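**Q** have a look at this prediction, sequence included:
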Amino acid sequence: MRRLPTLFLLCAALLAALPAAAQRPVQPRGALDAAELNNISVFKKSSPSVVHITTLDVQRDFFSLDVQQVPRGTGTGFIWDERGHIVTNYHVIQGGDAARVTLADQSSYAARLVGAFPDRDLAVLRIEAPREKLVPIAIGSSRELQVGQGVYAIGNPFGLDQTLTRGIVSALNREIESVNRRAIRGVIQTDAAINPGNSGGPLLDSAGRLIGVNTQIYSPSGASAGIGFAIPVDEVNRVVPRLIKDGRYIRPAIGVTSGSAQLQQALRLPKGVAIVGVGARSPAAEAGLQPFTRARDGRIVHGDVITAINDEAIADLDDMLALLERRQVGERVTLTLWNNGKTRRQALVLAASD
């Protein structure tokens, strides 16, 4: 035991004799390449327009009866205009009692719901923030997109705000299902990493322009598997102004009730919308459209099947609703109608849906 101090002293002496460890010299990096510079440029340009959304539930304490707001979920959105309108997915705020929006500088504001359109999974919030803090996102076009084109996503995956991911347009004209089971068509598919929390955030082109709203991922695990979907910006740019103006999306309507797919199959009807009901004083009633009915003896009395609107063929109710959404209330359209083997054309003026 007495030899231990001597051993320690010997080790210390040996260590002191070793050359001192020095920091490694820094190797000059050289200039960033063009792709890296563009990544940085897109993020710097667009990130001030991206916001973090927290939805809140109102709860009452059982003992004190105090009311408090507790976080319910998080998502992403982006600044639409200088008036403080924020665009996000409807499913991000669905079911919440309130919402809070955090800007890129970490300032936070209470948000109120302006309008929502569940059929396209879109919602608009509004915050009262100083004008200098509101940086509207640059708007692009989705009509001119090509498969293979580079894209970026900025969002808050797993609550990690202001995250940039990069990828390409993997496919165009995909179809997904909205929260109320309506088909959303013309959707952009991308392999840019999109995870829970990215919903409602922007999909950008290489110029930093909005080309879509990230809305869903396809993944058995719930995390990014390289298949993400975004609602195209042309659709967003059509819906959002109406939500801001009216608080809801007023779809032009004909005033008919459609039959089921089973009815069309059973009666061997052509593709289209079989009419089984016509609303009183509706455009359809005024134009004389005839529904399918059942006679007293039980046989089916043939009615009209809408097969086209303004010569654009429709295969089912989703097709018809998608075409009507591109029209305006008060606009005159021409229907192509099939009835028991005979075809005719009928003009009518679209009314507002209920």
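**A** Nice, thanks for sending it over.
**Q** hey, let's count contacts and neighbours off CA atoms from now on
**A** OK.
**Q** CA-only coordinates of stretch 108-115 in PDB, if you can.
**A** Output of stretch 108-115 as PDB, limited to C-alpha atoms (Å, rounded to 0.1, in the frame of the first residue of the first chain):
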ATOM      1  CA  SER A 108     -47.400  34.300 -30.000                       C
ATOM      2  CA  TYR A 109     -51.000  35.400 -30.700                       C
ATOM      3  CA  ALA A 110     -54.500  34.100 -30.100                       C
ATOM      4  CA  ALA A 111     -56.200  33.100 -33.300                       C
ATOM      5  CA  ARG A 112     -59.800  33.000 -34.300                       C
ATOM      6  CA  LEU A 113     -61.300  30.800 -37.000                       C
ATOM      7  CA  VAL A 114     -62.400  32.800 -40.100                       C
ATOM      8  CA  GLY A 115     -63.600  29.900 -42.200                       C
END
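**Q** okay, buried residues for that stretch please.
**A** Burial within stretch 108-115, assessed by neighbour count using 16 or more other CA atoms under 10 Å, is assigned to 108, 109, 110, 111, 112, 113, 114, 115.
**Q** same deal with stretch 257-276?
**A** By 16+ other CA under 10 Å, the buried positions in stretch 257-276 come out as 258, 259, 264, 269, 270, 271, 272, 273, 274, 275, 276.
**Q** let me know the secondary structure of residue 125.
**A** Here residue 125 is recorded as strand under DSSP: H, G, I helix; E, B strand; the rest coil.
**Q** so what's the residue count around it?
**A** For residue 125, the neighbour count with other CA atoms under 10 Å is 26.
**Q** which parts of the stretch 51-200 of the chain are helices?
**A** For the stretch 51-200 of the chain, the helices defined by DSSP state H, counting those that start in this stretch cover 90-93.
**Q** low pLDDT regions in it?
**A** In the predicted model of the stretch 51-200 of the chain, residues 57-73 satisfy pLDDT under 70.
**Q** just the strands in it please.
**A** 67-79, 85-88, 98-102, 108-117, 122-127, 150-155, 163-177, 183-190 (DSSP state E, counting those that start in this stretch).
**Q** okay, now the residue lying closest to residue 177 once chain neighbours are set aside: neighbour count?
**A** If the residues on either side of it in the chain are set aside, residue 177 comes closest to residue 183, at 4.8 Å by CA to CA, 6 or more residues apart in numbering. By other CA under 10 Å, 17 other residues sit near residue 183.
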